[in-house]
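S.K.: Requesting a structural model of the entry that follows:
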Amino acid sequence: MRSRLKLFQGFGVLTLVAVLAVLAAGCGGGGKKSSSGDSGNAGSSGKTYPLLRTIWDAPDYMDPALAYTVAAWQINWYVYEGLLGYKHVSGADGATLEPYLAESMPKVSADGTKLSFKLRDGLKYSDGTAVKASDFRASIERLFKVDSPGVGFFGVIKGVSGAGGFAETKKGHITGIVTNDSARTIDITLDHPEGDILYILSTQFAAILPAGTPTSDQSTKGIPATGPYMIQNYVPSRSFTIVRNPNYNDQIPTMPSGNPDKMTAKIITDPVAAYQQVVSNKADYDFQVVPNDRLPEAQSKYKDQLKFYTSPNTYYYFLNNKLPPFDNLKARQAVNYAIDRNAIISGVYGGLGRPTQNFLPPDYPQYKKLSSWTYDLAKAKQLVQQSGTAGATVDVYGPNEDPSKSSTEYLASQLSKIGYKPKLHLLSHQVYFTTIGNQATKAQAGFTDWYQDYPHPVDWFDVLLNGNRITKTHNNNSGNVDVPSVNKEIEALKKITELTPEINARWAKVDKDLMVTYATTVAYMNRSQTDFFSTRQDLSCYSFHVLGQWDWGISCEK
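M.R.: Below you'll find the predicted structure:
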């Protein structure tokens, strides 16, 4: 997921084999329901309040089939629900999967290729209509019809891929999804076992929507919700309002019913302006990271309103491996040598980060530290000359607001120093990732970052650096990285459900091959971040979720 997902420090990857072993044995249940309907933070039980005022970042979309930024997902995880979801608690236990719209965790066949779910009885959308099993199939099929950036997750379902498959034709139905509305059953057949399939079914892309939802962006029009809240209105780049779903009635006992009756959000992407809104008591929460020049003030004057976290995220520069000059290995090596990672962290991010040359964050058991790239401008210049690409013009893309803007400008400056002619393109954050994800843009280099959709290395290497996942639009592989031997290894590892030490070592080699051997990408930082609140918020209810970040639904007011 793009842009500012904050995860609990020290959280590691769960091994799906333990989950599958239990499920294959026929175990699993409806989850534990508290008397308050709050499965997250016991201290927030029953503490409802009228209004939560927030400053938010600009979502890319509010349609769950298209949304792929934290700004959207952090809101939508209380609005659009799927068969599975996560436990609402702080710490590592927050990565525990629980049944949401499903009655229980699925029954899984011995070979791991068949999953059987049953919907809870009496489910309704916010408009009062019944949730049907066939809505699930229609929702997955809609992903392909709207060219969702999440379609690659579902290629393992039988009938999606291959000649004449649904991904190609977008007609008829996906044969691997069989539903029965009267029995409320959903049966999913996979082409092969998929190590992360339960996590995939917990993403926003797998949210169940009404079967008649139009196959176009519905962000501003609204889609009937299944969660405790619904989107009342959304004005792109300006604001949105979230209110209670009148037909919810605690229909998902494994998630909180929510404390604020209403949540308003002003979209302010300038961190200084966002910070000031909270300081002046015009808002209760600042989504933006506290700006570097205000951190000393925040830490001394407002220390009781400030929370810090170091996230297992990765900030990196993409280099388009398909276009000159970076279709040349030596040119890519040159850029890796030209980047002073410590200088970026101290000069751009105020010291809130740690340098990295790995793509996978250090919190993962598959992580093995890489240290091949020393800052060496002379060597970088030499490699540019040897590559025969000196003097080439490079279109460099980045967001138009700090600190991402300054990070992009740093890249352009270093490219100029080693012999290239950078041309800078700074875009609104709201359209940035959509723009660089369109092959027609022909972006040659630029800023990007990644925060996990779910805790598994597949979400990093398959989604972002597998050449088989390159698409014409909504392309998450911004650098068009396509190394056949590594693609083959990723495809093989995806099918393995048990993350043993041997398998972890293979994932570590994938990291090294992509970051060092082929120098496909320039990873430079794991960023640290902040949550900042007004004095109206009672932080005894503060809950930080490993995947959902600040759990605003169980927040409290003094």
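S.K.: Could you use CA atoms for every contact and neighbour count after this?
M.R.: OK.
S.K.: give me the number of residues near residue 360?
M.R.: Residue 360: 29 surrounding residues under other CA atoms under 10 Å.
S.K.: Now do the contacts for it.
M.R.: Neighbour list for residue 360: 314, 366, 367, 457, 460, 511 [criterion: CA atoms under 8 Å, 6 or more residues apart in numbering].
S.K.: now swap in residue 530 and tell me
M.R.: So residue 530 contacts 288, 289, 290, 306, 307, 308, 309 (CA under 8 Å, 6+ apart).
S.K.: can we see that at 6 Å?
M.R.: The neighbours of residue 530, taking CA atoms under 6 Å, 6 or more residues apart in numbering as the test, are 289, 307, 308.
S.K.: what's the closest of these to residue 531?
M.R.: Using CA to CA, residue 307 comes nearest to residue 531 of those, at 5.0 Å.
S.K.: Give me the phi and psi angles of that closest one.
M.R.: phi -130, psi 140 (degrees, to the nearest 10).
S.K.: Could you report the separation of the residue lying closest to it once chain neighbours are set aside from residue 277?
M.R.: What sits nearest to residue 307 in space, not counting adjacent residues and going by CA to CA, 6 or more residues apart in numbering, is residue 531, at 5.0 Å. Remark: distance between residue 531 and residue 277 (CA to CA, to the nearest Å) = 14 Å.
S.K.: Tell me the pLDDT of residue 28.
M.R.: At residue 28, the model reports a pLDDT of 30.
S.K.: now stretch 316-335, how far from the centre of its chain.
M.R.: 25 Å (CA atoms, centre = their mean, to the nearest Å).
S.K.: Which residues in it does the neighbour count mark as buried?
M.R.: For stretch 316-335, the neighbour count (16 or more other CA atoms under 10 Å) marks 316-321, 323, 325-335 as buried.
S.K.: now it: mean pLDDT?
M.R.: Per-residue scores along stretch 316-335 average to 98.
S.K.: coming back round to it: among the buried residues of stretch 316-335, which ones are in strands?
M.R.: Under the assignment DSSP state E, those contribute 316, 317, 318, 319 to strands.
S.K.: OK, contacts around the residue nearest to the third one when sequence neighbours are not counted?
M.R.: Excluding its sequence neighbours, the residue lying closest to residue 318 (CA to CA, 6+ apart) is residue 479, at 4.9 Å. Under the criterion of CA under 6 Å, 6+ apart, the contact list for residue 479 reads 318, 319, 320, 321.
S.K.: I figured the third one was touching residue 444, is that so?
M.R.: Yep, that's residue 320 we're talking about. Yes. At 4.9 Å, residue 320 counts as touching residue 444 under the criterion of CA atoms under 6 Å.
S.K.: hey, which helix or strand in this protein has the poorest pLDDT?
M.R.: The weakest-scoring helix or strand in the chain, judged by mean pLDDT, DSSP states H and E, is helix 16-24 (a mean of 37).
S.K.: what's the following helix or strand after that helix?
M.R.: Sequence order places strand 49-56 as the next helix or strand after helix 16-24, per DSSP states H and E.
S.K.: how about that following strand: buried residues?
M.R.: Under 16+ other CA under 10 Å, the buried positions of strand 49-56 are 52, 53, 54, 55, 56.
S.K.: Among the residues you listed, which pair sits farthest apart?
M.R.: Among these, 52 and 56 lie farthest apart (CA to CA), at 12.0 Å.
S.K.: okay, and for this structure, where does confidence drop off?
M.R.: By pLDDT under 70, the low-scoring segments of the chain are 1-46, 311.
S.K.: what separates the longest strand along it from the chain centre, distance-wise?
M.R.: In the chain, assigned by DSSP E, the strand with the most residues is strand 521-533. In terms of CA atoms, centre = their mean, the centre of strand 521-533 is found 14 Å from the chain centre.
S.K.: Identify the neighbouring strands of it in the sheet and state each direction.
M.R.: strand 285-286 (antiparallel), strand 306-310 (antiparallel), strand 314-319 (antiparallel), strand 353-355 (antiparallel) (DSSP bridges).
S.K.: how about these in a markdown table, adding distance to residue 90?
M.R.: A markdown table is the format used below for the strands paired with strand 521-533 (distance: least, CA to CA, whole Å):
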| stretch | distance to residue 90 |
| --- | --- |
| strand 285-286 | 19 |
| strand 306-310 | 13 |
| strand 314-319 | 22 |
| strand 353-355 | 22 |
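S.K.: for those strands, which one ends up most surrounded?
M.R.: Of the strands paired with strand 521-533, the one with the most neighbours on average (mean count of other CA atoms under 10 Å) is strand 285-286, at a mean of 27.
S.K.: elements contacting the next helix or strand along the chain from it?
M.R.: Once the chain leaves strand 285-286, the next helix or strand it forms, by DSSP H and E, is helix 295-301. On a contact count with 3 or more CA pairs under 6 Å, 6 or more residues apart in numbering; DSSP states H and E, helix 295-301 meets no helix or strand.
S.K.: Helix 295-301: which residues count as buried?
M.R.: Buried residues in helix 295-301 (16+ other CA under 10 Å): 295, 298.
S.K.: Is residue 435 part of a helix or strand, or is it coil?
M.R.: helix (DSSP: H, G, I helix; E, B strand; the rest coil).
S.K.: correction: residue 73
M.R.: Taking three-state DSSP, the label given to residue 73 is helix.
S.K.: for the one 5 residues further on, same thing?
M.R.: Going by three-state DSSP, the secondary structure assigned to residue 78 is coil.
S.K.: ranges for the strands of the stretch 451-558 of the chain?
M.R.: 521-533, 544-545, 549-550 (DSSP state E, counting those that start in this stretch).
S.K.: Out of the ones you listed, which gets nearest to residue 381?
M.R.: Across those, closest to residue 381 is strand 521-533 (CA to CA), at 16.5 Å.
S.K.: Can you check what angle separates the closest one from strand 49-56?
M.R.: 150 degrees (axes from the mean of the first three to the mean of the last three CA atoms, to 10 degrees).
S.K.: Wait, residue 538 touches residue 555, no?
M.R.: No. Applying CA under 6 Å, one finds residue 538 not in contact with residue 555, separated by 7.5 Å.
S.K.: For these two, indicate the residue with more neighbours.
M.R.: Between residue 538 and residue 555, counted using other CA under 10 Å, the more crowded position is residue 555 (25 against 15).
S.K.: Give the closest residue to the more buried one in space, chain neighbours not counted.
M.R.: That would be residue 541: by CA to CA, 6+ apart, it lies 5.6 Å from residue 555.
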